[in-house]
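>>> Dropping the sequence and predicted coords here.
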Amino acid sequence: MGFQHPDDSLMLHTDAYQINMVQTYWQEGIQNRKAIFEVFFRKNPFENGYAIFAGLERMINYLKNLHFSDSDIAYLRETKAYSEGFLAYLKNWHFAATVRSAREGEVIFANEPIVQIEGSLADAQLVETALLNIINYQTLIATKAARIRSVVGDDGLLEFGTRRAQELDAALWGTRAAYLGGFDATSNVRAGKLFDIPISGTHAHSLVQTYRNDYDAFMAYAKTHKDVVFLVDTYDTLKSGVPNAIKVAKELGDKINFIGVRIDSGDMAYISKKVRAQLDAAGFVKAKIYASNDLDEKTIMNLKMQHAKIDMWGIGTKLITAYDQPALGAVYKLVSIEDENGQMLDTIKLSNNAEKVSTPGKKQVWRITRNSDGKSQGDYVALWDEQPQKAKSLHMFHPNYTYISKDVTDFTAKPLLIDIFKDGHLIYKQPSLRTIKEYSAVSLESLWEEYRRDLNPQDYPVDLSQKAYDNKMNLIHKVRENVAKLTKD
Ligand SMILES: Nc1ncnc2c1ncn2[C@@H]1O[C@H](COP(=O)(O)OP(=O)(O)OP(=O)(O)O)[C@@H](O)[C@H]1O
Ligand SMILES: O=P(O)(O)OC[C@H]1O[C@H](OP(=O)(O)OP(=O)(O)O)[C@H](O)[C@@H]1O
Ligand SMILES: O=C(O)c1cccnc1
């Protein structure tokens with residue numbers, strides 16, 4: 001996909017202000033100063049108690065061999081915004097930073113670093129936009145998928161969203177995120193090919209319209225496919241669709257594998273019960289009932305309450321577009337920068353809103369699990385040189401309401417950020433997507449149910465270490481003093 005540029009790259013998939021800032025740094029000779037940026041979001045999506053991290057695979061693909069192509073440089077030249085010297089610098093630039101990230105499929109929370117970039121100021125700045133673009137979308141979809149999984153139990157979950165997704169890339173990577181977040185299969189054949197996701201599907205109303213009646217359509221389809229699910233609601237589900245599905249299944253018998261029927265309209269609780277009764281009466285007690293039509297976790301939960309007889313759920317629009325919350329809001333913040341003497345200085349962004357004040361310093365997130373039951377006690381955000389995994393006891397407290405605290409002993413501390421790139425070289429081997437999916441389910445299991453429930457979950461503790469907290473407070477005071485001094489002068 002290069003339109004008229006065969007060597008198009010993702011390098012310019014960024015905001016112009018990133019390149020503009022890097023031109024300033026280059027002109028001032030500070031483009032190679034060491035900088036540390038961290039990615040986090042401020043609120044779990046969908047009022048959920050957690051999020052599922054997704055996007056690492058594409059981040060790796062994007063960062064590997066990242067450089068400006070000839071047509072990228074030519075285009076920047078055309079804009080007349082950049083000097084020839086700067087363009088020559090960009091031409092030779094390649095990504096050489098160190099990247100740490102949460103594992104894909106990991107349960108993550110608001111207000112903790114999930115990705116960390118440590119490298120030159122130029123490197124860190126040039127990749128911000130694309131990294132956020134990837135993480136924001138994929139993490140949102142994986143989380144939505146996990147919410148849907150949490151209400152269906154062991155029923156089948158099929159991703160049907162491609163036609164409604166925000167363009168091709170979103171369909172493809174959203175499907176991958178949905179799979180790792182808990183879906184079983186997808187209707188997107190390319191996602192099946194590229195990511196080894198099981199593909200699955202039924203047929204459309206157009207098949208029945210083409211043959212003008214249910215019987216001829218089902219018969220034609222069954223003669224050309226072994227595993228069949230008939231869509232029964234084109235004309236009249238109970239009077240024509242299901243009776244004709246049963247007729248064809250009986251006539252062809254063992255010649256086909258009659259899996260079941262799909263309903264796509266009407267009152268799904270009422271209809272599914274009637275359909276179940278018709279299938280059972282005909283002896284097809286194992287035939288499954290598929291349902292689709294604007295479903296999401298709320299409707300599914302409601303249908304379950306009404307004892308709808310649905311075994312397989314096909315979910316499109318509301319999953320792939322993250323319909324009820326279309327943006328995660330993850331941000332990329334500078335936490336430390338080298339000064340003119342080669343010293344690293346932690347940086348902070350102040351705000352009148354306490355929750356919006358960033359936490360300075362290079363940090364690691366430690367998941368604290370009690371050894372006795374394997375359940376998470378909370379996440380402990382510590383400065384990089386701290387070693388909570390070696391402590392006998394940890395004092396954990398809320399970063400804003402510090403009186404909410406507890407002391408934890410007999411625990412295991414697992415670091416969440418792991419090395420992915422070292423000085424631009426990929427050193428991490430991604431597990432297979434199926435392993436990532438399994439990892440995600442296990443990661444979610446380690447949470448108490450109070451944090452996992454769909455509605456009004458408890459706040460999972462994301463606490464600061466004493467050192468990280470003191471560092472933040474000191475910096476807040478220092479910045480305030482500086483501002484006061486400047487306003488006095
Ligand atoms: N028993 C039910 N309880 C709650 N929601 C339901 C129930 N049955 C269906 N729904 C949901 O209600 C919404 C609207 O269903 P509606 O019956 O209007 O769809 P429809 O008959 O397919 O209409 P259209 O043909 O315009 O799509 C859908 O999201 C559907 O999933
Ligand atoms: O409702 P969603 O969750 O988005 O799930 C996908 C929808 O896509 C199909 O409808 P469409 O009308 O596009 O095609 P069809 O003629 O095969 O029903 C399918 O029947 C579902 O209703
Ligand atoms: O296979 C299906 O039934 C399907 C696929 C995509 C969208 N809606 C339904």
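On my side now, so go ahead. Ligands and ions are numbered 1, 2, ... in the order given.
>>> This structure against ligand 1: which residues are in contact?
265-269, 293-295, 299, 302-303, 306 (Cβ under 6 Å from any ligand atom). Where you see a C-beta, it was placed from the backbone N, CA and C, and this is true even at glycine.
>>> Gln125: which element?
helix 121-126 (DSSP states H and E).
>>> Tell me which other helices or strands that helix touches.
When contacts are defined as 3 or more Cβ pairs under 8 Å, 6 or more residues apart in numbering; DSSP states H and E, helix 121-126 packs onto helix 16-28, strand 34-40, strand 115-120.
>>> Could you point out which of these sits nearest Glu128?
For Glu128, the closest of the helices and strands packed on helix 121-126 is helix 16-28, at 6.1 Å, according to Cβ to Cβ.
>>> Quick one: buried ones out of the residues of the chain next to ligand 1?
268-269, 293, 295, 299, 303 (16 or more other Cβ atoms under 10 Å).
>>> mind listing which of the residues you listed are in helices?
Judged by DSSP state H, helices contain the following of these: 268-269, 299, 303.
>>> ok so, going back, avg pLDDT for the helix holding Gln125?
Confidence over helix 121-126 (mean pLDDT, whole number) is 98.
>>> which parts of that helix are buried?
121-126.
>>> outside of it, which residues touch it?
Under the criterion Cβ atoms under 8 Å, 6 or more residues apart in numbering, residues 11, 14, 18-19, 21-22, 25-26, 30-37, 93, 95-97, 117-118, 334, 337, 424 lie in contact with helix 121-126.
>>> Quick check: what element follows it along the chain?
As the chain continues past helix 121-126, the following element, by DSSP H and E, is helix 128-152.
>>> got the angle for that next one vs helix 16-28?
140 degrees (axes from the mean of the first three to the mean of the last three Cα atoms, to 10 degrees).
>>> can you count the residues close to whichever residue of the stretch 101-250 of the chain sits closest to ligand 1?
For the stretch 101-250 of the chain and ligand 1, the shortest gap (Cβ to the nearest ligand atom) falls at Asp233, measuring 8.0 Å. Using other Cβ atoms under 10 Å, Asp233 has 23 other residues around it.
>>> What of the one 3 residues further on?
Burial of Asp236 is recorded as 12 neighbouring residues (other Cβ under 10 Å).
>>> Kindly provide the distance from it to ligand 2.
Distance of Asp236 to ligand 2, computed by Cβ to the nearest ligand atom, to the nearest Å: 16 Å.
>>> With Glu450 instead?
The gap separating Glu450 from ligand 2 is 30 Å, by Cβ to the nearest ligand atom.
>>> repeat for Val365
For Val365, the distance to ligand 2 equals 35 Å [Cβ to the nearest ligand atom].
>>> Spit out the contact partners of that residue.
Here Val365 is in contact with 102, 112-114, 379-381, 415-417 (Cβ under 8 Å, 6+ apart).
>>> Repeat the analysis, applying 7 Å as the threshold.
Shown in contact with Val365 (Cβ atoms under 7 Å, 6 or more residues apart in numbering): 112-113, 379, 381, 416-417.
>>> So which residues on the stretch 251-400 of the chain come close to ligand 3?
Residues of the stretch 251-400 of the chain lying close to ligand 3 by Cβ under 6 Å from any ligand atom are 262, 292, 314, 316.
>>> top of the residues you listed by neighbour count?
Arg262 (25 neighbours).
>>> May I have the secondary structure class of it?
What DSSP: H, G, I helix; E, B strand; the rest coil gives for Arg262 is strand.
>>> so it makes contact with Tyr290?
Yes. Counting by Cβ atoms under 7 Å, Arg262 does reach Tyr290; the two are 3.8 Å apart.
>>> Report the set of residues contacting both of these two.
202, 229.
>>> Now do the end-to-end distance for stretch 439-458.
23 Å (Cα to Cα, to the nearest Å).
>>> Any idea which residue of this structure lies closest to ligand 3?
Nearest residue of the chain to ligand 3: Gly201, at 2.7 Å (Cβ to the nearest ligand atom).
>>> so who does that residue touch?
Taking Cβ under 7 Å, 6+ apart as the test, what Gly201 contacts is Ser187.
>>> rerun at 8 Å
Counting by Cβ under 8 Å, 6+ apart, Gly201 has contacts 158, 160, 187.
>>> Now distance to ligand 2, pLDDT and neighbour count too, for those residues, in CSV please.
Below are these laid out as CSV (distance: Cβ to the nearest ligand atom, whole Å; pLDDT from 0 to 100; neighbours: other Cβ atoms under 10 Å):
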residue, distance to ligand 2, pLDDT, neighbour count
Leu158, 9, 98, 24
Phe160, 4, 98, 24
Ser187, 8, 98, 19
